[in-house]
Every structure is written in structure tokens, then in C-alpha cells.
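> Give me coordinates for this.
(chains A and B)
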Number of protein chains: 2
Amino acid sequence: MSLLVVGSIALDTVKTPVEEHADLVGGSASYAALGASFFSPVKLVGVVGKDFPASEFDFWKSRKIDVNGVQRVDGKTFRWSGEYAWDLNTRETRSVALNVFEHFKPVLPAFYRQSDFTLLANIAPALQSHVLDQMEKPRFVVADTMDLWIETTRKDLDALLPRVDLLILNDSEARQMTKETSLIKAGRSIRKLGPRYVAIKKGEHGALLFGEDEFFSCGAYPLEDIHDPTGAGDTFAGGMAGYLAGAVKNVQFTDLRKAMIYGSVLASFTVEAFSLDRLRKLSMDEIKERYETFKLMSQFEVEI
Amino acid sequence: MSLLVVGSIALDTVKTPVEEHADLVGGSASYAALGASFFSPVKLVGVVGKDFPASEFDFWKSRKIDVNGVQRVDGKTFRWSGEYAWDLNTRETRSVALNVFEHFKPVLPAFYRQSDFTLLANIAPALQSHVLDQMEKPRFVVADTMDLWIETTRKDLDALLPRVDLLILNDSEARQMTKETSLIKAGRSIRKLGPRYVAIKKGEHGALLFGEDEFFSCGAYPLEDIHDPTGAGDTFAGGMAGYLAGAVKNVQFTDLRKAMIYGSVLASFTVEAFSLDRLRKLSMDEIKERYETFKLMSQFEVEI
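Residues are numbered from 1 along each chain as shown, chains lettered A, B, ... in the order given. Below you'll find the model as predicted:
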């Protein structure tokens, strides 16, 4: 089945302690859509300006990413610029220019509205709800969010949460949202706000998954070198949602476990290069190989 | 097979944001020996003063912990006092009084010297080496260490490392020892200093295990409430070494995986109460139950 992905499409300038690159294709939807496309056809929703490279549209089409929902309008593409600290674990936003994104209010093409699986990648919760309102009968809704929305548009976020099946956020956001120090308490208490499942990303420490009486914990792929963490979380969400849309009819906790591993695998590739560079040349064999590594590195009982 | 355990035996005063208790039985060897004793008979090596409760000797004997190697000498028992920050993740040492520990230079009883499995719990590396010198043919040596020894007695530690099969340390100590930010790089580079295997403890984020071409990652048991983290690392080491001594003849990486889970299980109980309180009343059934939970929370491929 196909996956509807809505989120930001951006041109990024990224500075790490060793490199700096400008005008990179980025944004939550770009990473999420490409990540998901390894497992499922994608219907992409977003907006770009006239400065956005036409070649990216060709690339999307070559990957079974439907672009009928991507508007190209007068003005400049959303731009973000950030700089990472020496250990790549923290980053500072240097500038944000919303540009064409400021008045973005997507209208879904008719044939998008029947999608069963939806990924509301990281954008304002009001926009996420606006997209959901247009869906006929969304069967499984994955949503990503961030500190900014928890801080500034908490009401919109709270209104969205009961409509979400799987909420994805990182450890500091989970703590921020619940005022709980313990991630175990945080994950469980976020479930009470609406989402049936909650995934908490912990960067180099892996991720946690919470269901009603179920819990799953996975490590991160053992990378020695990270080049650019930008988009890792978006790719993680795309990998999870893409796997579910592509392989699962009736989502159970056991499917979400595998989805989380695929999300982690995809994210581990993203950080190996700037922008989408590593994902663009990624093969399904490479994905399968890392998935096997995850098995090897996490099993302790079964003979392997 | 039995496990020789050497380390500190202490009387602790521990303050958390909610409670404070004084004169608690503590020390690396106390936690490690009791943790290990669930899996294997223990031969304990240490020193206490006249103020140390005789009842603890009775308790050790009731648990198949041999105390022939524990000296009771004139003077006061080693004392440590610490205070935990609000989130229990960091602590400050308020005072240390070495007392009888200052001139501790253990002489192993003759029947201790043939032990196949040895756990050098956290004490000065020179003392750890001194114990090892007296062993006839140690087959598998586990050593724990801490920031203090990395900082102040690095030469002694470096001399010990090639004699160690499994080194256990925490994430910040691994970074401190190697000057590497990445724990993956740190674990691999510590192996080059001598130990065949390296275990890095990450507290609430679980633990990592490094072998020659092997890698294992496990999460932490999902505890909502922690009462006193003191001794968690020592119990982890005791659980790992005890499981190996009790169940394994020829240690392979696959055994170390299980040992790490048992270490994590034991540590998860330790933090549920002050001092050894939770471990004292712990049953093998409870251990097995948490071991099963670890399976449930980490498997994603096998049907469960």
C-alpha cells in the first residue's frame, strides 16, 4: 500500500566541525519520503519555491514518489541553516526563512485522500491536522513532532494526538512534553494523551517503543563516524511508516518492532553523508545487511 | 565453578533527593559477591574493621559466599558518603575514609588460588594485579574500574589490562580513557589496550559489549522508579561474572551476551532499594522473569 507523506521541503545550509555545505535538499518530508520509498510507494505533499531544483522532481519520480501533491509556487523555498557542536550531539539553528512555507495550506489531490497509511512528518501540528481532515479514512497515522511545537503550539498538538496511532519524538522532547525525567514514565504518559503507540528516539542510544502493555527497546547501529545528523529523525520516521505501509495490513506491536529496526537502519545511513546523499545511492541489499546486523547485535538467546 | 571476588567492603552513607541512610553495607565487593552468588559459589576477598556488623558474615555464609578471604582487623571499616542529584543520574562524593582499607594487601587463602573465574571488582588496579599475581591459573578474569583510577593510576591500570579477559566500565569512563566521543570507537580502542572483551555500561540506556569482530547492545530494564543507584555497576559486574562462572566452561561471545543480560537484570533490582536490601530478598524466579522481559523487549524477528 502507498504512504502519504506531508512535511517540509527545504534548502538547508549545514555546518559541522569539519565541513559546511549550502543549498542542500532537506526538510522533514524529503528525508521521510525517500526513506519510506524503499518499502512502499509514496504520495508526497509539500511546497517549494521557484529556486528549488527541478532535478529533484525527476529524482522523486524515478523512486515511485508521487509529486502531484507538491506545489511549486512563486517565491523562495523554505530555508534552514544550522551548526553542530564538536561532538555532533547538539546543534544550533543559525537561521530560518519560512518563505513559501509561510502560507502553505495543502489541498490534497483527490486520489491522495484514500491513502490508508499517513506520515505527518515534522511540521506545525495545525497543518498536520489540516491534512488529516482531508483524508477519507486514514487507517494508520504516524506523526513526528519537535520541541518548537511542544513549546509554542501545545494546544494544536494536544488536539492532534488522539488522532495519531504512532507518535515519534526524541528523548528530550518526551521529557519536555511530560515533565518526567524517566523516559519510561514519559513514554507511558504520552500514550495517555492519545497515541496508541509512542516511539522515543535516543540518538546514539537507540530507541524505545511503547504500546498498551508492550515495550520494545533497540540500540543504534554501531557507527564509528557520523558526518551530518540532519534528517536522521525524519528518515527514521519515514523508514518506520514506509515499512508498515509496504508490508503490513493490520498493524500489531510485533510489526512496529520491525518497523523501528528499519527506521533505525535507514537513519544510520542518512548520517553517513550530508543531505540525502547516502540515501540516494542506497540499495535494498545494504538495508537488509544492516537489518541482519541489528539481529546479531541484539539477540542473546536464540542461536545465531 | 566458583568465582573469586575481590573489592571494597564499605559502610556507606547515601543521600538521594528523597531519603538519606547511614552505615549501609556497601562497597564494590559486597554488591558484586551477592549479585554473583545467585549463579555461582563465591570466594570473597576483602577487609573490614571491628565496627562492621557480624550479621553480614552470617548472611554471606547463608548464601554460599566463602568468607575465609575476608579479614576483620583493628580499626574502622572503609566509609563512603555520597549525594545524588535530583534526577539520580549524577552524584557527588561527600567524604571518603579509607580506614582499614588504607593498608589492605590481601593474601589469598591457599584454596582460593586455584579459582578459574575471577572478578576484580572496583578497587585500585595495583591491588587488582596483586590478587591476580597470587592466582595459579586464572582462566577468565573480569575487571571493573572507575574514573579515579583512570585519572590517578593510569600506569597501574595499563599494566593490568592485558591480563584481563573482560573489562567493564561506564560510558564516561570509556570516553575518559580513550579521548573518543563515540562509544563505538572507545570500546574498540580499549580492546587494543589488552582486554579481549569490553563492556560499556550506559545506565538507563543499557550496555554495549565488544569482542574481536563481535558487537552486542542491550537496553536497560524499563524501571519507572529508582531509589538508590549505588552499587548498580558493581552488581552488574557480579551478575556477569557469576553467570559465566556458574554456567560456562569455555567463554564465548554468545555466553557474554547472556551474562550481560543477567548483569543488567541484577543491577535493575539493586536500584530499587537502598544498599543490598532488594538483592537480599531477591529470588531466582524474579531473576528469570526479568530475563524473559529482556527477551520480549529486545526481539523483533523471532516469534514471541
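
> CA atoms for contacts and neighbours, from now on please.
Will do.

> Wait, a strand at A:L193?
No. Going by DSSP: H, G, I helix; E, B strand; the rest coil, the assignment for A:L193 is coil, not a strand.

> how about the residues of chain A near chain B?
A:87, A:181-182, A:184-185, A:205, A:214-219, A:222-225, A:254, A:257-258, A:261, A:295-301 (Cα under 8 Å from any Cα of the partner chain).

> neighbours around A:W149, how many?
18 (other Cα atoms under 10 Å in any protein chain shown).

> Cross-check the contact I'm expecting between it and A:L157.
Yes. With contacts counted by Cα atoms under 8 Å, A:W149 reaches A:L157, the gap being 7.1 Å.

> any shared contact partners between those two?
Residues touching both A:W149 and A:L157 by Cα atoms under 8 Å, 6 or more residues apart in numbering or on different chains: A:P125.

> quick check: mean pLDDT across the top helix by length along chain A?
In chain A, with assignment by DSSP state H, the single longest helix is helix A:253-270. Average pLDDT, helix A:253-270: 98.

> A:P53 is in contact with A:K76, correct?
No. Using Cα under 8 Å, A:K76 makes no contact with A:P53, being 11.4 Å away.

> Neighbour count: these two, which is higher?
Set A:K76 next to A:P53 and count neighbours by other Cα under 10 Å: A:K76 wins out with 19 against 13.

> sec struct for the more buried one, please.
Three-state call for A:K76 (three-state DSSP): coil.

> go on, the one 5 residues further on?
Secondary structure, three-state DSSP: A:S81 is strand.

> ok, the residue lying closest to it once chain neighbours are set aside - contacts?
Using Cα to Cα, 6 or more residues apart in numbering or on different chains and skipping the chain neighbours, the partner closest in space to A:S81 is A:T13 (4.5 Å). Neighbour list for A:T13: A:E20, A:H21, A:A22, A:D23, A:L24, A:R79, A:W80, A:S81, A:G82 [criterion: Cα under 8 Å, 6+ apart].

> What residues of whichever strand or helix holds the second one count as buried?
Here A:H21 is covered by strand A:20-26, with elements defined by DSSP states H and E. For strand A:20-26, the buried set under the neighbour-count rule, 16 or more other Cα atoms under 10 Å in any protein chain shown, comprises A:D23, A:L24, A:V25, A:G26.

> ok, and the closest non-adjacent residue to the last one?
Same thing as A:G26. Using Cα to Cα, 6+ apart and skipping residues adjacent in sequence, the residue nearest A:G26 is A:A10, 4.8 Å away.

> Could you count how many residues lie near that neighbour?
By other Cα under 10 Å, the residues close to A:A10 number 28.

> Assess the claim that it and A:K76 are in contact.
No. Between A:A10 and A:K76 there is no contact, the gap being 9.8 Å when judged by Cα under 8 Å.

> can you list residues touching both of these two?
Common neighbours of A:A10 and A:K76 are listed as A:V48 (criterion: Cα under 8 Å, 6+ apart).

> Got the confidence number for the residue nearest to A:S81?
A:T13 carries a pLDDT score of 97 in this model.

> same thing with A:K249?
86.

> the strands in chain A, which residues?
Assigned by DSSP state E, the strands in chain A fall at A:3-6, A:10-15, A:20-26, A:42-48, A:65-72, A:78-84, A:91-97, A:117-120, A:140-144, A:166-170, A:197-201, A:207-210, A:215-218.

> Just name the most buried of these.
When you average the neighbours per residue for each of those (mean count of other Cα atoms under 10 Å in any protein chain shown), strand A:3-6 leads with a mean of 31.

> Other residues contacting that one?
Applying Cα under 8 Å, 6+ apart, the contact partners of strand A:3-6 are A:29, A:32-33, A:36, A:40-46, A:112, A:115-121, A:128, A:131, A:241-242, A:245.

> and if we set it to 6 Å?
Defining contact as Cα atoms under 6 Å, 6 or more residues apart in numbering or on different chains, one finds that strand A:3-6 is touched by A:A29, A:V42, A:K43, A:L44, A:V45, A:F117, A:T118, A:L119, A:L120, A:A121, A:A245.

> Now do the helices in the stretch 101-250 of chain A.
Taking DSSP state H, counting those that start in this stretch as the test, the helices found in the stretch 101-250 of chain A are A:125-133, A:147-152, A:154-160, A:171-178, A:183-191, A:232-247.

> Between the two ends of stretch A:34-52, how far is it?
17 Å (Cα to Cα, to the nearest Å).

> and if you look at stretch A:41-61?
Taking Cα to Cα, stretch A:41-61 runs 10 Å from one end to the other.

> try stretch A:85-105
34 Å.

> closest point of the stretch 101-250 of chain A to chain B, which residue?
The minimum distance from the stretch 101-250 of chain A to chain B, using Cα to the nearest Cα, falls at A:F216 (4.2 Å).

> contacting residues around that residue?
Counting by Cα under 6 Å, 6+ apart, A:F216 touches A:L208, A:L209, B:M297, B:S298.

> Now render these as JSON lines, adding distance to B:Q71 and pLDDT.
Shown next, in JSON lines, are the contacts of A:F216 (distance: Cα to Cα, whole Å; pLDDT from 0 to 100):
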{"residue": "A:L208", "distance to B:Q71": "46", "pLDDT": "98"}
{"residue": "A:L209", "distance to B:Q71": "49", "pLDDT": "98"}
{"residue": "B:M297", "distance to B:Q71": "43", "pLDDT": "95"}
{"residue": "B:S298", "distance to B:Q71": "43", "pLDDT": "94"}
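
> Of these, which is the nearest to A:Y197?
Ranked by distance to A:Y197 (Cα to Cα), those are led by A:L209 at 7.1 Å.

> For that closest one, which residues are in contact?
So A:L209 contacts A:V198, A:A199, A:F215, A:F216 (Cα under 6 Å, 6+ apart).

> Same list (those residues) but as a markdown table, adding pLDDT.
Shown next, in a markdown table, are the contacts of A:L209 (pLDDT from 0 to 100):
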| residue | pLDDT |
| --- | --- |
| A:V198 | 98 |
| A:A199 | 98 |
| A:F215 | 97 |
| A:F216 | 97 |
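
> Could I get the contacting residues of the residue most central in space within chain A?
Taking Cα atoms, centre = their mean, the centroid of chain A lies closest to A:D234, which sits 2.6 Å from it. A:D234 is in contact with A:S28, A:Y31, A:A32, counting by Cα under 6 Å, 6+ apart.

> Just the pLDDT for it.
A:D234 is given a pLDDT of 98.

> and if you look at A:E303?
50.

> got it, and A:I65?
At A:I65, pLDDT is 98.

> Bridged to it, which residues?
Beta-bridge partners for A:I65, by DSSP bridges, are A:V42.

> roughly how far apart are it and chain B?
Per Cα to the nearest Cα, to the nearest Å, A:I65 is found 28 Å from chain B.

> right, and that residue touches A:V42 too?
Yes. Using Cα atoms under 6 Å, A:I65 is in contact with A:V42, at 4.7 Å.

> which residues sit in contact with A:K258?
Shown in contact with A:K258 (Cα under 6 Å, 6+ apart): B:F300.

> I should have written A:A29 there, sorry.
By Cα under 6 Å, 6+ apart, the neighbours of A:A29 are A:V6, A:G7, A:S8, A:I9, A:A121.

> Now with 10 Å, please.
A:A29 makes contact with A:5-10, A:35, A:44-46, A:119-123, A:231, A:234-235, A:237-238 under the criterion Cα atoms under 10 Å, 6 or more residues apart in numbering or on different chains.
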